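Novice: take this sequence and fold it.
(one chain, ligands or ions: 2)
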Amino acid sequence: MRAAIAGQSLDCCVLLVDIVPVANAGKTFRRVLKARLLRAALGAFGRPMPADTRGLVVIAPHPDDEVLACGGLLALAAKAGRAVAIVYLTSGESSHADCCDVGPSQVAREREQLAISAAGELGIGGASLHFLRLADGAIPTQGGEALGPADASVAAIIASVGPCEVYCPHPLDCREDHVNASLLTQAATRQCGADCTLRFYLTWGYFKLPLLAAVRLLRARPWSLDIGGVLGAKKAAMDRYCRQLAPCGQPYVGKLPPGFVEFFISGRECFLDRP
Ligand SMILES: [Zn+2]
Ligand SMILES: [Zn+2]
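Specialist: Ligands and ions are numbered 1, 2, ... in the order given. Just a heads-up that it's a prediction; the model follows:
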């Protein structure tokens, strides 16, 4: 009983710590507040993540999603000596399409290099990184019965890791590429033949999900992972992505909404078992 009460108090403190810093966020107040409330609620209602010694595969629609959503998880896995694979479905080459005339191939090259250096900050070497170079903004939606080429590639990488946890965007993650990445990964894990556990993460969904959909997530048995011990490594990895600027002066990952990156610098990451 005492432990339960202490746990509740801790969750309340975490909730306040999450909310208070956004009190002066101006125009972004409501959006960031909603995102922080959702994450705090997922954490408060969530179960502590069990330690897993199996391999870890993270599927990222674009280079930066893996760090934003799973940077702490990846750093902890590397520290524990688990086999790790990160799959970048696209290289994010469209992030300056409506911004300036920096070419998509240059953006892709830069974002892949940034992915390599960000993974290095998490303790993960280049041999663990897989760039599939699907078209940014057009991740294929095939899946289900027959494997498409993209599903087959992801399934082969998962199989090469062996028994593992697989993390991909939640189907409610609000961006088309993220939703399609989720469907593709679900199809790949059904077909890969490896003993794997599939879990889902949110990025854009924290900010854009309608309230009722967000409440539904709270009933989906979320997991809460304490990443306090590796938060410095996650922040260093995020800095790699955010500090490398294109000639237009914006990061190669594109112009992200105010408060978006900061939101992910938190002592916890939350995951869901199923849609
Ligand atoms: Zn993305
Ligand atoms: Zn630009």
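
Novice: quick one: the strands in the stretch 101-250 of the chain, in order.
Specialist: Ranges of strands within the stretch 101-250 of the chain are 129-134, 164-169, 196-201, 223-226, based on DSSP state E, counting those that start in this stretch.

Novice: what comes up buried for stretch 254-273?
Specialist: In terms of neighbour count (16 or more other Cβ atoms under 10 Å), stretch 254-273 has its buried residues at 254, 256, 259-261, 263-264, 266-272. Every C-beta, even on glycine, is put in place using the N, C-alpha and C of the backbone.

Novice: make that stretch 210-221, sorry
Specialist: Ala214, Leu217, Ala220.

Novice: got it, and stretch 132-144?
Specialist: Those would be Leu132, Leu134, Asp136, Gly137, Ile139, Gly143, for stretch 132-144 by 16+ other Cβ under 10 Å.

Novice: separation between the third one and His96?
Specialist: In this structure, Asp136 and His96 are 11 Å apart, going by Cβ to Cβ, to the nearest Å.

Novice: quick one: low-confidence parts of the stretch 51-200 of the chain?
Specialist: In the prediction, the stretch 51-200 of the chain carries residues with pLDDT under 70 at positions 142-147.

Novice: helices of this structure, start to end?
Specialist: Taking DSSP state H to define them, one finds helices in the chain at 2-19, 29-45, 65-79, 104-121, 149-161, 176-191, 205-208, 211-218, 231-243, 260-263.

Novice: between these, which gets nearest to Ala85?
Specialist: Taking Cβ to Cβ, helix 149-161 is the member of the helices of the chain nearest to Ala85, at 5.2 Å.

Novice: contacts for the closest one?
Specialist: With contact meaning Cβ atoms under 8 Å, 6 or more residues apart in numbering, helix 149-161 is reached by 55-57, 59, 83, 85, 87, 89, 130, 132, 134, 139-140, 142-143, 147, 164, 166, 184-185, 187-189, 191-194, 196.

Novice: with just CA atoms, put that helix into CSV.
Specialist: Extracted in CSV, the C-alpha atoms of helix 149-161 (Å, rounded to 0.1, in the frame of the first residue of the first chain):
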residue,chain,number,x,y,z
PRO,A,149,9.2,-5.3,-51.4
ALA,A,150,9.3,-2.9,-48.5
ASP,A,151,7.5,-5.3,-46.2
ALA,A,152,10.0,-8.0,-47.2
SER,A,153,13.0,-5.8,-46.5
VAL,A,154,11.7,-4.9,-43.1
ALA,A,155,10.8,-8.6,-42.4
ALA,A,156,14.3,-9.7,-43.4
ILE,A,157,16.0,-7.2,-41.1
ILE,A,158,13.8,-8.3,-38.2
ALA,A,159,14.5,-11.9,-38.9
SER,A,160,18.3,-11.2,-38.9
VAL,A,161,18.1,-9.8,-35.4
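
Novice: that helix: which residues count as buried?
Specialist: In terms of neighbour count (16+ other Cβ under 10 Å), helix 149-161 has its buried residues at Ala150, Asp151, Ser153, Val154, Ala155, Ile157, Ile158, Val161.

Novice: for that helix, what is the distance to the chain centroid?
Specialist: 19 Å (Cα atoms, centre = their mean, to the nearest Å).

Novice: which neighbours do Asp136 and His96 share?
Specialist: Jointly contacting Asp136 and His96 under the rule Cβ under 8 Å, 6+ apart are Pro104.

Novice: follow-up on the earlier one: buried members of the contacts of helix 149-161 into PyMOL, please.
Specialist: To isolate the buried subset of those in PyMOL, counting by 16+ other Cβ under 10 Å, use the following:
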select buried, resi 55+56+57+59+83+85+87+89+130+132+134+139+143+147+164+166+184+185+187+188+189+191+192+194+196
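
Novice: contacting ligand 2 as well, which ones from the contacts of helix 149-161?
Specialist: When Cβ under 5 Å from the ion is applied, no member of the contacts of helix 149-161 is adjacent to ligand 2.

Novice: near ligand 2, which residues of the chain show up?
Specialist: Applying Cβ under 5 Å from the ion, we find that the chain lies next to ligand 2 at His96, Cys99, Cys100, Ala246, Cys248, Gln250.

Novice: give me every residue that touches the first one.
Specialist: This points to His96. Listed by Cβ under 8 Å, 6+ apart, the contact set of His96 reads Val102, Pro104, Val107, Ala246, Cys248, Gln250, Tyr252, Gly254.
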